[in-house]
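Student: With the sequence up front, the predicted model follows.
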Amino acid sequence: MSETEAFVTVMVVGMTLGIPILGLTLRFSLKPLAEAYIRMREAQLASPQVELLRERVAYLERELERRGLMDRQLPTISQVGVPEYLPTQMKDRERS
């Protein structure tokens, strides 16, 4: 076997086995980063439904306070701050 044939054989085997292995390695190493980025974006961009629920709860709390049915003053979001983790339902892409 000449040097050229040996070089070509090594290159073909390396490309045949190396590229898929490199692809799988990158996929498994980048998947947690992608999921973390997706969750961060979901937490930053609160959906309109969440805003409506916050408004409804604030309205109900004001009504309870006005009628004297609330035992203590509850902290508002501005006093507590935004939670670091917003629980969300698991989507199909997060289960695998």
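Tutor: The structure has been received and is ready for your questions. Residues are numbered from 1 along each chain as shown.
Student: From here on, just use CA atoms for contacts and neighbour counts.
Tutor: OK.
Student: Check whether residue 59 sits in a helix, strand or coil.
Tutor: Classification of residue 59 using DSSP: H, G, I helix; E, B strand; the rest coil returns helix.
Student: and the residue nearest in space to the middle of the chain, what helix or strand is that in?
Tutor: With distances taken as C-alpha atoms, centre = their mean, residue 39 lies nearest the centre of the chain, 1.9 Å away. Using DSSP states H and E, residue 39 sits within helix 3-44.
Student: for residue 65, same thing?
Tutor: Residue 65 belongs to helix 48-67, assigned by DSSP H and E.
Student: so how far is that helix from its chain's centroid?
Tutor: 27 Å (C-alpha atoms, centre = their mean, to the nearest Å).
Student: Stretch 42-50 now?
Tutor: Worked out by C-alpha atoms, centre = their mean, stretch 42-50 lies 13 Å from the chain centre.
Student: Of all the residues in it, which ones are buried?
Tutor: Using 16 or more other C-alpha atoms under 10 Å as the test for burial, stretch 42-50 gives residue 43.
Student: State the mean pLDDT of it.
Tutor: Averaged across stretch 42-50, pLDDT comes to 76.
Student: Output that stretch in PDB with nothing but the alpha carbons.
Tutor: Extracted C-alpha coordinates of stretch 42-50, given in PDB (Å, rounded to 0.1, in the frame of the first residue of the first chain):
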ATOM      1  CA  GLU A  42     -39.800  32.700  28.200                       C
ATOM      2  CA  ALA A  43     -39.200  34.200  31.600                       C
ATOM      3  CA  GLN A  44     -38.200  37.600  30.200                       C
ATOM      4  CA  LEU A  45     -41.100  37.800  27.700                       C
ATOM      5  CA  ALA A  46     -44.000  37.300  30.000                       C
ATOM      6  CA  SER A  47     -47.100  36.300  28.000                       C
ATOM      7  CA  PRO A  48     -50.200  38.600  28.000                       C
ATOM      8  CA  GLN A  49     -52.000  35.900  30.000                       C
ATOM      9  CA  VAL A  50     -49.600  36.200  32.900                       C
END
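Student: picking up where we left off before, okay, buried residues for the helix holding residue 65 please.
Tutor: Under 16+ other C-alpha under 10 Å, the buried positions of helix 48-67 are residue 61.
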